[in-house]
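# Okay, here's the prediction I keep looking at, along with the sequence it came from:
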Amino acid sequence: QVQLVESGGGLVQAGGSLRLSCAASGRDLRTYFLAWIRQAPGKEREFLGAIGWSGPGIGYPDSVLGRFTISRDNDRETVYLQMNSLKPEDTAVYYCVADLSFSRTSDGYEFWGQGTQVTVSS
């Protein structure tokens, strides 16, 4: 079992930045991929990228490539999503998720946090 708790969401103006955090707990965390997924009202869930125990974030979709960066602090068992140049269309609930395997789809992740709201005003 893996427990995930997101924080750092809020209201930001377009062009601004936010950093989301995801505190992870559980056994054998080093074996899990941690990822971020978002869901905007009336839209499907969107995979934003993932990170393994080591190495950079991977799998960024075009919608966030170059603006969002995933990083991981293994000592603090925390994953971050740095979001820059935010746009109103980035408004969504952002979820931290985990699974033993990498996937680009939300269905591929077994463990989910409760989500944190990000609202970008124009």
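Happy to help now that I have it.

# Tell me where the model's unsure across this protein.
Along the chain, the model assigns pLDDT under 70 to no residue.

# Spatially central residue for it, please.
Trp36 (2.4 Å; C-alpha atoms, centre = their mean).

# how close does the closest residue in space to Ser7 that isn't next to it in sequence sit to Leu100?
The shortest distance from Ser7 to any non-neighbouring residue, by C-beta to C-beta, 6 or more residues apart in numbering, is to Ser21 (5.0 Å). The way it works is simple: take the backbone N, C-alpha and C, and place the C-beta from them, glycine included. As for Ser21, its distance to Leu100 is 22 Å (criterion: C-beta to C-beta, to the nearest Å).

# Could you check which of those two is surrounded by more residues?
Neighbours were counted for Ser21 and for Leu100 using other C-beta atoms under 10 Å; Ser21 has more, 17 against 12.

# same for the helix or strand encompassing Val118, what does it pack against?
Per DSSP states H and E: Val118 is located in strand 116-121. Counting contacts by 3 or more C-beta pairs under 8 Å, 6 or more residues apart in numbering; DSSP states H and E, strand 116-121 is packed against strand 10-13, strand 18-26, strand 92-99.

# What lies in contact with that strand?
6-14, 16, 18, 20, 38, 83, 86-94 (C-beta atoms under 8 Å, 6 or more residues apart in numbering).
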